[in-house]
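Participant: Quick one: sequence plus predicted model below, questions after.
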Amino acid sequence: MPDQKIVEPRLLRGFRDYLPAQMNARLKMIATIRSVYERYGFQPLDTPAQEFRVTLMGYGEENTKQIFAFQNPEEEDVALRFDLTVPLARVVAQYPDLVMPFRRYQVAPVWRADKPDPGRFREFIQFDLDAVGVSSLAADAEILCAMYDTLKALGIERFSIRFSDRKVLNSLLDFAGITHERSHSMFRILDKLDKIGLDGVAAELTKGRVDASGDTIPGLGLDANQVGRIKEFIALPKGKRREALRSLEKLFAGVGSAKEAIAELTFICDSLDALGISEQNVQLDLSIARGLDYYTGPVFEASLDDAPEFGSVFGGGRYDGLVERFLGRTIPAVGASIGVDRLFAAMEKLGLHEFAPSTAKVIVTIMEPGQLAEYQKLARELREAGVNTEMYLGDEKSLGKQLQYANRQQIPLAIIIGSDEFARGEVTIKNLKLGGQLQDRKKAAHGKEREEWLALSRTVQQTCPLTRCVEEVKKMLAV
RNA sequence: GCCGACGUAGCUCAGUUGGUUAGAGCACCAGAUUGUGGAUCUGGGGGUCACUGGUUCGACUCCAGUCGUCGGUACCA
């Protein structure tokens, strides 16, 4: 291409490639999550990436700027979905024959035009589970339980799922004498408690503050009495679920609207006890708000104790009003959503992923190109036996190069057949994974350990009759 | 969106008060070793110093703008 302008290969801000090693880890993660959801009997659903723009809008116009919106060739206003909950509400309204309760899971990419952060992208996968048409809070407890099982199944031990109830916060407004119109800004500020501390929250509730970068954040203009009440609420003991609940009951004793919230949380605590969910991982935290307007009851969010900077990796709640927008009548619903890519990034930081670029377990190297058919036959035989097998197709003629390739792909076994083996009807199987491990341990091995090392070294490479190749390969992979 | 910092090899970074030929480590490639990867040694390729303009005899270095990256903050149905 003389004189032609090279197109610079680059990505859009907030978008990522997933190369094979990461992709294998991500697929494994998704498969694990799916197996948990299916264990609860949730059923799969998929919906299009694009929806009519009006379908996606409607909860606060200021948020629409985060939506990737454009016109299609028919000049209709369309947008990329920004979550999976709104499309679910659309589906429920559109298919009246769906059997209720409708319990579905969905894993799919969504798009938001946010500024990217660690673990935060413009295109990312969400993995949702929701129960629609269920008013019983047993569903909410079950969602919490599924969240717990999912994080455990992913191999995460130290995580915290915190839950509360949107109705608690509404009662807080009554308790502090704040009008409900200001609920949104009020909840938003409260949600920042973890981040900016009690003093920061107090400042934002009153006259505002200047942050570390010198930016001014306007205050809400509450009076000292109101802030005092909010502080009382924040100061409620965290402790065990029951204790937190009792102290809330005491504080809100004079607030009529609080009875329902307390009854709901009591029900959920009972259910969690019945389900055997530990206090260790699932806590009642009255301060969590979740920014979304559509929540009407219990809300939940999970974060990893050892990677708190990634924030909420799994969150949800009850949204009894959402389907009404499409149907004109109320259908109760509750669900939760994993930010798969955010959780992936957090787990990556904690070293919880196994990265291997190749799915092959065996590579058949080519030493005698004239015998290609024999190599092909053997590869076929291995595949038919269920062994993931790659036959070397590159241009390198030397065995060393082919083994180097296999090593880089982290393929554990290599099959070597040269003129000697062909003459005797044999194959040599080399364990690259074990060989690599032994190399690492070579220097450290002394005395008894050295004996063991030598014994293992003898098993790195073995020769057997061609007829027993598949059997030997399986045996070596099983270790 | 706002505030700040930073852009030198694939990666991590040196680069003197502005001085002529821009360096290192790692990675990569080749050879030592044409039937054995990861070790060692020797050699090699690779740069529009983000971009554009300005100041200057001379700019990787100073100035301005643009783009990009990162951090904080705001926002997050």
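Facilitator: Ah, there it is.
Participant: Contact residues of the stretch 251-400 of chain A facing RNA strand B?
Facilitator: Taking Cβ under 7 Å from any atom of the strand, the part of the stretch 251-400 of chain A that reaches RNA strand B is made up of A:290, A:291, A:292, A:293, A:294, A:295, A:367, A:397, A:398, A:399, A:400. From N, CA and C alone the C-beta is placed, and that goes for glycine too.
Participant: what pairs with residue A:318 across the strands?
Facilitator: Residue A:318 has these beta-bridge partners by DSSP bridges: residue A:334.
Participant: Could you work out the most separated pair of the residues of the stretch 251-400 of chain A next to RNA strand B?
Facilitator: A:293 and A:367 (67.1 Å; Cβ to Cβ).
Participant: Outline the domain layout of chain A.
Facilitator: Chain A breaks down into these domains under automatic domain parsing: A:20-349, A:362-478.
Participant: how about those domains, which one is nearest residue A:11?
Facilitator: Across the domains of chain A, closest to residue A:11 is domain A:20-349 (Cβ to Cβ), at 10.2 Å.
Participant: what about the strands in the stretch 1-150 of chain A?
Facilitator: A:43-44, A:50-52, A:69-71, A:77-80, A:102-111, A:123-132 (DSSP state E, counting those that start in this stretch).
Participant: The ones you listed: lowest mean pLDDT?
Facilitator: Among those, strand A:69-71 carries the lowest mean pLDDT, at a mean of 86.
Participant: Any residue of it touching RNA strand B?
Facilitator: No. Strand A:69-71 lies out of reach of RNA strand B by Cβ under 7 Å from any atom of the strand, never closer than 9.7 Å.
Participant: Does anything pack onto that strand? Which helices or strands?
Facilitator: Contacts defined by 3 or more Cβ pairs under 8 Å, 6 or more residues apart in numbering; DSSP states H and E place strand A:69-71 against strand A:77-80.
Participant: among the strands of the stretch 1-150 of chain A, which is the most enclosed?
Facilitator: Sort the strands of the stretch 1-150 of chain A by mean neighbour count, taking mean count of other Cβ atoms under 10 Å, and strand A:123-132 sits at the top with a mean of 23.
Participant: Okay, now the sheet partners of it, with direction.
Facilitator: Counting by DSSP bridges, strand A:123-132 is paired with strand A:102-111 (antiparallel), strand A:333-339 (antiparallel).
Participant: Which of the domains of chain A has the lowest mean pLDDT?
Facilitator: Checking each of the domains of chain A, the one with the poorest mean pLDDT is domain A:20-349, at a mean of 88.
Participant: thinking again about what came up before, closest one to residue A:252 among the strands of the stretch 1-150 of chain A?
Facilitator: strand A:123-132 (28.6 Å).
Participant: Run through the strands of the stretch 301-450 of chain A in chain order.
Facilitator: Under DSSP E, counting those that start in this stretch, the stretch 301-450 of chain A gives strands at A:314-318, A:333-339, A:362-364, A:389-391, A:413-416, A:426-431.
Participant: any chance of the ones you listed in TSV, plus distance to residue A:347 and mean neighbour count?
Facilitator: Below are the strands of the stretch 301-450 of chain A laid out as TSV (distance: least, Cβ to Cβ, whole Å; neighbours: other Cβ atoms under 10 Å):
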stretch	distance to residue A:347	mean neighbour count
strand A:314-318	12	25
strand A:333-339	11	25
strand A:362-364	29	26
strand A:389-391	28	20
strand A:413-416	28	22
strand A:426-431	29	20
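Participant: Can you show me the helices along the stretch 251-400 of chain A?
Facilitator: Secondary structure of the stretch 251-400 of chain A (DSSP state H, counting those that start in this stretch): helices at A:258-275, A:324-327, A:340-349, A:372-384, A:399-408.
Participant: ranking those by burial, who's on top?
Facilitator: helix A:340-349 (a mean of 21).
Participant: Run the angle between that helix and strand A:314-318 for me.
Facilitator: Counting by axes from the mean of the first three to the mean of the last three Cα atoms, to 10 degrees, helix A:340-349 points 140 degrees away from the direction of strand A:314-318.
Participant: Can you tell me what sits against helix A:340-349?
Facilitator: A:16, A:25-26, A:29-30, A:33, A:107, A:118-121, A:124-127, A:154, A:156, A:304, A:307, A:310-311, A:313-314, A:353 (Cβ atoms under 8 Å, 6 or more residues apart in numbering).
Participant: Specify the residue positioned farthest from the middle of chain A.
Facilitator: Residue farthest from the centre of chain A, counting by Cα atoms, centre = their mean, is residue A:423 at 53.5 Å.
Participant: For residue A:203, identify the helix or strand it belongs to.
Facilitator: Assigned by DSSP states H and E, residue A:203 belongs to helix A:193-205.
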